[in-house]
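Peer 1: sequence and predicted model, in that order:
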Amino acid sequence: MPTSRRRIQITVKHRYHGVLKEGTRALLSSCLKLTLTSSRRTNGAKRRYCGLLGKGNVAVVKQLLEAKANFESKDLDGRTPLSKAAESGEKAIVEQLLKYKPDVEFKDPEYGQTPLSWAAQNGHEAVAKQLLEAGAKVDSKDLYGRTALWKAAERGHEAVVEQLLKYTPDVEFKDQEYGQTPLSRAAQNGHEAVVKQLLKAKADVESKDTNVGSSGTA
């Protein structure tokens, strides 16, 4: 591989996760041009200039992908670009990333959450729909044994729950920490609309928690 191309890819890797901030096509273009040189003088400029790339700019993401950026590259927390975009509800960016067939089942090392789990937790219904259509497993569990449905039910995200129920998730499973079903968690946190959705989906109204010391969401 040509040295100049390798330098571009290295810079792209380090800046890829910073794309989830502000940025412009002009900034990216200048950033890539600066990468072609390796002097001490331009190294400082690269760090300052490329560091201006930031959150939610679809054009920047598209250019990075077209420049062969590693779309599975992980940040210091072990998170992929898809994981971060799903958490933030960046629908347009998720759409761009999905064109490159990333691992939709990747789980971050700290919480063991998939991109779908992050989207569901934060109430991003459109992104959850995108991920489900891309083949994300609806019953994938995090390190606490919680599925996307459990996460959405806990926080009362009705639209997300509605999307997830279309994929016939297990409504009776219990998480490992509290031993609660999605119905139990939604009821505990006062989410009446979600309770109705889960009951309509045949959730067991008599299901009992396996941890009597469970507590609601902070």
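Peer 2: Received, thanks. Keep in mind that this is a model prediction, so the values were computed, not measured.

Peer 1: drop to CA atoms for contacts and neighbour counts, all remaining ones
Peer 2: Will do.

Peer 1: what's the neighbour count on Val58?
Peer 2: 22 (other Cα atoms under 10 Å).

Peer 1: now it. Nearest residue, chain neighbours left out?
Peer 2: For Val58, ignoring the flanking residues on the chain, the nearest one in space by Cα to Cα, 6 or more residues apart in numbering is Ile93 at 5.6 Å.

Peer 1: and the helix or strand containing the one you found, what does it pack against?
Peer 2: With the criterion set as DSSP states H and E, the secondary-structure element containing Ile93 is helix 91-98. Counting contacts by 3 or more Cα pairs under 8 Å, 6 or more residues apart in numbering; DSSP states H and E, the secondary-structure elements packed against helix 91-98 are helix 58-66, helix 81-88, helix 125-133.

Peer 1: per-domain residue ranges of this protein.
Peer 2: The chain breaks down into these domains under automatic domain parsing: 1-70, 74-218.

Peer 1: and the gap between Lys202 and Lys208?
Peer 2: Here the distance between Lys202 and Lys208 works out to 15 Å (Cα to Cα, to the nearest Å).

Peer 1: which residues of the chain score low on pLDDT?
Peer 2: Flagging of the chain using pLDDT under 70 yields the residue ranges 1-56, 212-218.

Peer 1: now do the strands in it.
Peer 2: In chain order, the chain shows strands spanning 21-22, 54, with DSSP state E as the criterion.

Peer 1: identify the residues contacting the helix holding Ile93?
Peer 2: 56-58, 61-62, 65, 71, 82, 85-86, 126-127, 130, 134 (Cα atoms under 8 Å, 6 or more residues apart in numbering).

Peer 1: specify which member of these is nearest to Tyr178.
Peer 2: Proximity of those to Tyr178 (Cα to Cα) peaks at Ala86, which lies at 25.8 Å.

Peer 1: shouldn't Glu125 be in contact with Val160?
Peer 2: Yes. Taking contact to mean Cα atoms under 8 Å, the distance of 4.7 Å between Glu125 and Val160 places them in contact.

Peer 1: state the distance from Asp170 to Val138.
Peer 2: Distance check for Asp170 against Val138: by Cα to Cα, it reads 9 Å.

Peer 1: I misspoke; the intended subject was Lys202.
Peer 2: The spacing between Lys202 and Val138, counted by Cα to Cα, is 17 Å.

Peer 1: between those two, who's got more neighbours?
Peer 2: Neighbours around Lys202 and Val138, counted as other Cα under 10 Å, are more numerous at Val138. The numbers are 21 against 11.

Peer 1: next, the contact list for the more buried one, please.
Peer 2: For Val138, the contact set (Cα under 8 Å, 6+ apart) comprises Leu116, Leu132, Thr147, Ala148, Leu149, Leu164, Tyr167, Pro169.

Peer 1: Thr181 versus that one, what's the distance?
Peer 2: For Val138, the distance to Thr181 (Cα to Cα) stands at 15 Å.

Peer 1: with Arg79 instead?
Peer 2: When Arg79 is compared with Thr181 (using Cα to Cα), they lie 27 Å apart.
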